[in-house]
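Visitor: Fold the following and give me the result.
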Amino acid sequence: AKTARPGETQSVFLNEQGDLCPLAALRNLAQVVPASANDPLFSWQDHKGNIRPMVKVQALERINAISMAWGWGTSFGHSFRIGGASFYLAKKVDPEIVCLASCWKSLAYETYIRAF
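Guide: The predicted structure is shown next:
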């Protein structure tokens, strides 16, 4: 996360969510990319078999290529923070918990929230 210091551990909180389940996606990622527990969570394997970290620019290029192919338009990195916060607030999660989990240190998140 952009608020993390180098080497600082970040926590990610997930739960089962039906067809677009993040837990199922992580299980699939573990099968597709043979990364170890010490590798970055989002990694890819190059043509030589080396595990490489997925960087924001590459991830967004790939996500946008897929979403454009499906006619969904494009997104930017902040879209995921906005979407995640909006989702959990719509589920009635305490705003203070959403701020802590999203590493927001102010009430600025309120300007980004989308209604579901």
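
Visitor: for the helix or strand harbouring Phe80, which positions count as buried?
Guide: Following DSSP states H and E, one finds Phe80 within helix 77-90. For helix 77-90, the buried set under the neighbour-count rule, 16 or more other Cβ atoms under 10 Å, comprises Arg81, Ile82, Ala85, Ser86, Tyr88, Leu89. Any C-beta I mention is one placed from the backbone N, CA and C, and that applies to glycine too.

Visitor: Ok, stretch 47-61 next?
Guide: Applying 16+ other Cβ under 10 Å to stretch 47-61 flags Leu60 as buried.

Visitor: Could I get the full set of strands for the protein?
Guide: Assigned by DSSP state E, the chain shows strands spanning 43-45, 51-53.

Visitor: Now do the contacts for Asn15.
Guide: Asn15 sits next to Leu23 when contact means Cβ atoms under 8 Å, 6 or more residues apart in numbering.

Visitor: likewise Arg27?
Guide: Arg27 neighbours (Cβ under 8 Å, 6+ apart): none.

Visitor: Which pLDDT value belongs to it?
Guide: Predicted confidence (pLDDT) for Arg27: 88.

Visitor: Can you tell me how far it is from Gly84?
Guide: As judged by Cβ to Cβ, to the nearest Å, Arg27 and Gly84 stand 20 Å apart.

Visitor: what's the distance between the residue located most distally from the centre of the chain and Asn15?
Guide: Of all residues in the chain, Lys48 has its C-alpha farthest from the mean position, at 26.6 Å, by Cα atoms, centre = their mean. Look at Lys48 and Asn15: by Cβ to Cβ, they are 37 Å apart.
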